[in-house]
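In: A predicted structure for the sequence below; I have some questions about it.
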Amino acid sequence: MRSAGMICECNPLHEGHLRLLRKAGSDGDAAVICVMSGCFTQRGEAAILEPRARAEALLASGADAVLELPFPYSSAGAEFFARAGVNILSRMGVEELWFGSESGDLPLLWAMAEEVSSPAFQEAYAAGARGADGTATHFFSLLAERLGRDAEALPNDILAVSYLRAIRQLGASLAPHVLLREGSAFHETALKEGIVPSASALRQGLLTDGPSAIDAHLPRESARVLREMLEAGRAPATLCHAEAFLLGSLRRADKDSLSAIAELSGGLGARLVQKAAEACTLRELLSACATKKYTNARILRGILFAVTGVLREDLCREPAYVRLLGATERGRAFLGQARRTGDLPLVTRQSDLPRTPEALRQAALEREALSLYALCLPAPTSPAFFLRQRPILL
């Protein structure tokens, strides 16, 4: 049977995800294997719904298996996020990778991936990124200049480029398939009638105006799961619920030791400690630290990694295991084969955890992330609650 993979956050699952699921599955022709972020997302935010709930929505919407993209890869920049997701799908024996893109142009994306990987680009980027314009701005401008294209057309394709780079670097046998992204722009936060909203707009609408503001914009199963979690008092999760803990941790931190933490190079760690001593809220801290060079996402990732102790070398290791969040009967058949032929341990309960140093380190960071996420819920919860959860088996 053909197998198709997706790397996603589903924060929350929206119409764009549903369209990609249907294309990848070809109306029942393939086993669709999703690698989905756990408690924290690439922007450094707490996922509004816990991983098991988002996995439930995915399975009810056409996915056959949902594997958790482990922390800290789930909250890393595009390079590490994409590399970990591709690594997991490849080692599980998945044949295809499906993803959305603003350009929808696979040859262009391959050209971008090749250019970004070239020594000349890397040298020029490293030299320019030390300036005051910010690494992201410089990256897109340099790529546009070298490819002879408009820089404004590039930012929403960067994750797709990262997938292709990872496929090439890892020698993965994943065949890439790109789908033209439709609806609101990636960073659009307004909900507009008749236009498929972005995940950013859905989260903003939920946190600002409540579930009634976004219910009509969600696929049926996604809306159902969200309502159930809201009624149970387990959503939405937000870092603002844990801001006292975050500010307190940063105020007590040793700014010199933070230089070894992932995402906190270039003096950002010291800046966080200094500004945390003055800020009363997380919003104030972000505002005080933000510059052209340091975006909110970069700062939030740095805060997450500081309080959980994520080092740069943690991002450079490949995943030591992957957790199963849920599967259908067809998904279990695929995973059974993957267990026999693959080399990536599949964890369904705590006793399945490998005892290697790499796995123990990954598990320790996972517990740190769960401890923080448990404070991000509307009512504080024990992190052990999440570790005891069993996969959804349909």
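Out: Okay, I see it.

In: for residue 336, what are its contacts?
Out: By CB atoms under 8 Å, 6 or more residues apart in numbering, no residues touch residue 336. Any C-beta I mention is one placed from the backbone N, CA and C, and that applies to glycine too.

In: same deal with the one 5 residues further on?
Out: With contacts defined as CB under 8 Å, 6+ apart, residue 341 is in contact with residue 93.

In: how close does it get to residue 236?
Out: Residue 341 sits 40 Å away from residue 236 when distances are taken as CB to CB, to the nearest Å.

In: could you do residue 18 as well?
Out: Distance of residue 18 to residue 236, given as CB to CB: 21 Å.

In: now the strands for the chain?
Out: 2-8, 30-37, 65-69, 96-101, 175-180, 322-327, 346-347, 392-393 (DSSP state E).

In: count of neighbours near the closest residue to residue 242 other than its chain neighbours?
Out: Closest residue to residue 242 apart from its sequence neighbours, by CB to CB, 6 or more residues apart in numbering: residue 375 at 4.0 Å. For residue 375, the neighbour count with other CB atoms under 10 Å is 18.

In: contacts only, for residue 375.
Out: Contacts of residue 375 by CB under 8 Å, 6+ apart are 241-242, 245.

In: JSON lines for the residues you listed, including distance to residue 287?
Out: Formatted as JSON lines, these follow (distance: CB to CB, whole Å):
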{"residue": "241", "distance to residue 287": "19"}
{"residue": "242", "distance to residue 287": "18"}
{"residue": "245", "distance to residue 287": "19"}
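
In: returning to what we had before: so how far is residue 295 from the residue nearest to residue 242?
Out: In terms of CB to CB, residue 375 sits 24 Å off from residue 295.

In: please apply the same query to residue 58.
Out: Distance, residue 58 to residue 295, using CB to CB: 28 Å.

In: those two: which is more packed in?
Out: residue 58 (29 against 18).

In: hang on, isn't the more buried one packed against residue 13?
Out: Yes: using CB atoms under 8 Å, residue 58 is in contact with residue 13, at 6.2 Å.

In: distance check, residue 206 against residue 237.
Out: Going from residue 206 to residue 237 by CB to CB gives 11 Å.

In: quick check: neighbours shared by those two?
Out: Common neighbours of residue 206 and residue 237 (CB under 8 Å, 6+ apart) are residue 48.

In: quick one: stretch 64-74 to chain centroid distance?
Out: 8 Å (CA atoms, centre = their mean, to the nearest Å).

In: send over the worst-scoring helix or strand of the chain on mean pLDDT as CSV, restricted to the C-alpha atoms.
Out: Using mean pLDDT, DSSP states H and E, helix 135-147 stands out as the lowest-scoring helix or strand of the chain, at a mean of 76. C-alpha atoms of helix 135-147 as CSV (Å, rounded to 0.1, in the frame of the first residue of the first chain):
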residue,chain,number,x,y,z
THR,A,135,18.4,37.2,9.9
ALA,A,136,15.1,36.5,8.3
THR,A,137,15.0,39.7,6.3
HIS,A,138,18.5,39.2,5.1
PHE,A,139,17.9,35.5,4.3
PHE,A,140,15.0,36.3,2.0
SER,A,141,16.6,39.3,0.4
LEU,A,142,19.8,37.4,-0.4
LEU,A,143,17.9,34.4,-1.8
ALA,A,144,15.8,36.7,-4.0
GLU,A,145,18.9,38.5,-5.2
ARG,A,146,20.7,35.3,-6.1
LEU,A,147,17.6,33.7,-7.8
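
In: show me what it is packed up against.
Out: helix 106-117, helix 119-128 (3 or more CB pairs under 8 Å, 6 or more residues apart in numbering; DSSP states H and E).

In: can you tell me which residues contact residue 21?
Out: Applying CB under 8 Å, 6+ apart, the residues near residue 21 are 6, 32, 58, 61-63.

In: same thing but at 7 Å, please
Out: 32, 61-63 (CB atoms under 7 Å, 6 or more residues apart in numbering).

In: out of those, which two sit at the greatest distance?
Out: 32 and 61 (9.8 Å; CB to CB).

In: who has more neighbours, those two?
Out: Under the neighbour definition other CB under 10 Å, residue 32 and residue 61 were set side by side, and residue 32 has more, 33 against 19.

In: spatially, what comes nearest to that one if we skip its sequence neighbours?
Out: Excluding its sequence neighbours, the residue lying closest to residue 32 (CB to CB, 6+ apart) is residue 25, at 4.6 Å.

In: what pLDDT does the one you found get?
Out: Note for residue 25: predicted pLDDT of 90.

In: cool, residue 231 as well?
Out: Residue 231 carries a pLDDT score of 96 in this model.

In: what's the local residue count around it?
Out: Counted by other CB under 10 Å, the residues lying close to residue 231 total 10.

In: residue 144 now?
Out: The burial count for residue 144: 16, using other CB under 10 Å.

In: from residue 368, how far out is it?
Out: Residue 144 is 39 Å from residue 368, where distance means CB to CB.

In: now swap in residue 308 and tell me
Out: With the distance defined as CB to CB, residue 308 ends up 4 Å from residue 368.

In: with residue 203 instead?
Out: As judged by CB to CB, residue 203 and residue 368 stand 24 Å apart.

In: ok, now residue 239?
Out: Using CB to CB, we find residue 239 at a distance of 15 Å from residue 368.

In: do the same with residue 327
Out: 27 Å.

In: next one: residue 90
Out: Taking CB to CB, one finds residue 90 at 27 Å from residue 368.

In: same question for residue 388.
Out: Residue 388 sits at a distance of 17 Å from residue 368 (criterion: CB to CB).

In: okay, the two: which has more neighbours?
Out: Ranked by neighbour count (other CB under 10 Å), residue 388 and residue 368 place residue 368 first, with 19 against 10.

In: didn't that one look like it was pressed against residue 309?
Out: Yes: Residue 368 lies in contact with residue 309 (CB atoms under 7 Å); the separation is 6.4 Å.

In: could you check the angle the longest helix belonging to the chain makes with strand 65-69?
Out: Criterion DSSP state H: the longest helix present in the chain is helix 357-376. Counting by axes from the mean of the first three to the mean of the last three CA atoms, to 10 degrees, helix 357-376 lies at 90 degrees to strand 65-69.
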